[in-house]
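[1] pasted the sequence and its predicted model underneath.
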Amino acid sequence: RSTKFDIQSVRLYVNGQVHEKVKFTFNTMCKSCVFGDGNAVGANGDIDVLDAIVRFEMSPEFNIWAGRMLTPADRIEMNGPYYALSWNQYTVPLLPSDQLGPAGLLGRDDGVTAWGTVGKFQYAAGIFDGLDGVSNKADNVLFSSRVAFNFLNMEGNPAYYTSSTYYGGAGDVLTLALSYQTQKDGTGTTASPGDFDAIIIDALLEKVLDDGAVLT
């Protein structure tokens, strides 16, 4: 009954298509309302671009996205704040696209990703700006990838995105995934650059019990 309310997170999602196989995505966020994403970007209430993607979707097996998007990575990166088991999961900035500097924002970066599904195998691989400047004076690109295999039921997510739970709606799920990122001179300082490499393994097990409860 209160006349006062607080908006903690605001995003506007826009999707459309200009052709059967040519589509687009444009998402925005409130810069002062991202604490639930684990990153406080600002407190001025400005609206900023979150995703801006041109999508060439030819078949389930092969698609290409270009623009500003999530870099292929581990499950916690691909979940997104509204599809995670816990709200404030983005607490450890492990990858370049987690940083609030030139590398990206909220897991996003500018680049191109190829992705698809073949049987129970899913893949996504792309080239991105990654760390720009600082130690990377030669403008070396970031290679980012993720491969996953669904041993039981297929996970039904858009593109190469993931979820951390389906609350039993997907039935029994067992998915094992491997993510790999690399960038020459992608870490360190201008005076002492170093190469960046990350290998991450993640797994999701979800079992629907006889009484309807779900073990995740």
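    Okay, I see it.

[2] show me where the protein has its helices.
    75-79 (DSSP state H).

[3] ok, and what's touching the helix-or-strand element of it with minimal mean pLDDT?
    The weakest-scoring helix or strand in the chain, judged by mean pLDDT, DSSP states H and E, is helix 75-79 (a mean of 87). Residues outside helix 75-79 that contact it (C-beta atoms under 8 Å, 6 or more residues apart in numbering): 70-72, 84, 89-90, 95, 97-98, 107, 146, 160-164, 177, 202, 204. C-beta coordinates here come from the backbone N, C-alpha and C atoms, glycine included.

[4] which residues of this protein score low on pLDDT?
    1, 7-9, 31-46, 80-81, 87-92, 99-105 (pLDDT under 70).

[5] all strands of it, in order?
    Along the chain, counting by DSSP state E, strands occupy 11-19, 22-30, 47-57, 63-70, 108-118, 121-128, 142-150, 173-188, 193-208, 214-215.

[6] what angle separates the fifth one from strand 121-128?
    Note on geometry: by axes from the mean of the first three to the mean of the last three C-alpha atoms, to 10 degrees, strand 108-118 and strand 121-128 are set 150 degrees apart in direction.

[7] for the residue lying closest to Leu12 once chain neighbours are set aside, which residues are in contact?
    Distances taken as C-beta to C-beta, 6 or more residues apart in numbering place Thr28 nearest to Leu12, at 4.7 Å, with adjacent residues excluded. By C-beta under 8 Å, 6+ apart, the contact list for Thr28 reads 11-12, 47-50.

[8] run the last query once more with 10 Å
    Taking C-beta atoms under 10 Å, 6 or more residues apart in numbering, we find Thr28 in contact with 10-14, 47-52.

[9] now do Asp110
    Per C-beta under 10 Å, 6+ apart, neighbours of Asp110: 52, 66-69, 71, 97, 104, 128-130, 132.

[10] buried set for the least confident helix or strand of the chain?
    Buried residues in helix 75-79, counted by 16 or more other C-beta atoms under 10 Å: 75-79.

[11] out of the residues you listed, who's nearest Pro60?
    The nearest member of the buried residues of helix 75-79 to Pro60, counting by C-beta to C-beta, is Met78 at 17.9 Å.

[12] burial of the residue lying closest to Val214 once chain neighbours are set aside, as a residue count?
    If the residues on either side of it in the chain are set aside, Val214 comes closest to Gly168, at 4.0 Å by C-beta to C-beta, 6+ apart. Neighbour count for Gly168, taken as other C-beta atoms under 10 Å: 17.
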